[in-house]
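Peer 1: for reference, the sequence and a predicted model appear below.
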Amino acid sequence: MLARLLKISALFFVVASCAPTSMVVKPFSTDGCSMFPEGTLQHKNLWLRCCVTHDLAYWQGGSYGQRQQADETLRACVSEVGEPEIALLMLSGVRVGGSPYWPTQFRWAYGWPYTRGYEPLSEGDRKLVGEVLQRQGIDPAKPWEALF
C-alpha cells in the first residue's frame, strides 16, 4: 500500500512539473523604453506611450509574427510623434535585443517563464492575460494611462 502511494505521489509530481507554462503569468510591468531615452530634451516623454504599448505586447508574448507586428507598431508610433529616424533606430534595437531567447527582463514574452519562446497564446492564455490586466486596472488599449 505504501509503495503504491509513493508511486502515485511520484507520478503526480512528474505530471505537475511538466504542466504547461501557460498557466503562470507575472503582473504586467514596464520599464518604459528599456535603456533608451523616452523622448527628446524638449519633450522628455514624447514617445513613452509607444514604449509602454510595446512593452504590453512583449509582456504577453505570442507568435513570431505577433512580435514583428509589435515592433512595427512601435516604429510607426514613434514616427507619428515626429521622430522617424529615432523610430528606425528603436526598431533595430528591439529586433536585436528583444528575442525571447535572451535572458533579459525585456525579452519577448517576459511575463511568462523564460522557456516560453514564440508560443502562440491559447484561449486560456488570453483569458489569463485579460484577468491580470483587469486586476491591475490596465486598459490594454491605453496601458500607459494606469501608469501615469
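Peer 2: Happy to help now that I have it.
Peer 1: excluding its backbone neighbours, what's nearest residue 146?
Peer 2: Among residues not flanking residue 146 along the chain, residue 138 sits closest, at 4.5 Å (Cβ to Cβ, 6 or more residues apart in numbering). Any C-beta I mention is one placed from the backbone N, CA and C, and that applies to glycine too.
Peer 1: cool, residue 61 as well?
Peer 2: In this structure, residue 61 finds its nearest non-sequential neighbour in residue 109, 2.6 Å apart by Cβ to Cβ, 6+ apart.
Peer 1: next up, the contacts around that neighbour.
Peer 2: By Cβ atoms under 8 Å, 6 or more residues apart in numbering, the contact list for residue 109 reads 58, 59, 60, 61, 62, 100, 116, 117, 118, 119.
Peer 1: go again using 6 Å as the cut-off
Peer 2: Residues near residue 109 by Cβ atoms under 6 Å, 6 or more residues apart in numbering: 61, 100, 116.
Peer 1: model confidence for the nearest residue to the last one once chain neighbours are set aside, exactly?
Peer 2: With Cβ to Cβ, 6+ apart as the measure, residue 109 is the residue that lies nearest to residue 116, at 4.6 Å, once sequence neighbours are left out. Per-residue confidence at residue 109 stands at 98 (pLDDT).
Peer 1: name the SS class of residue 109, please.
Peer 2: What DSSP: H, G, I helix; E, B strand; the rest coil gives for residue 109 is coil.
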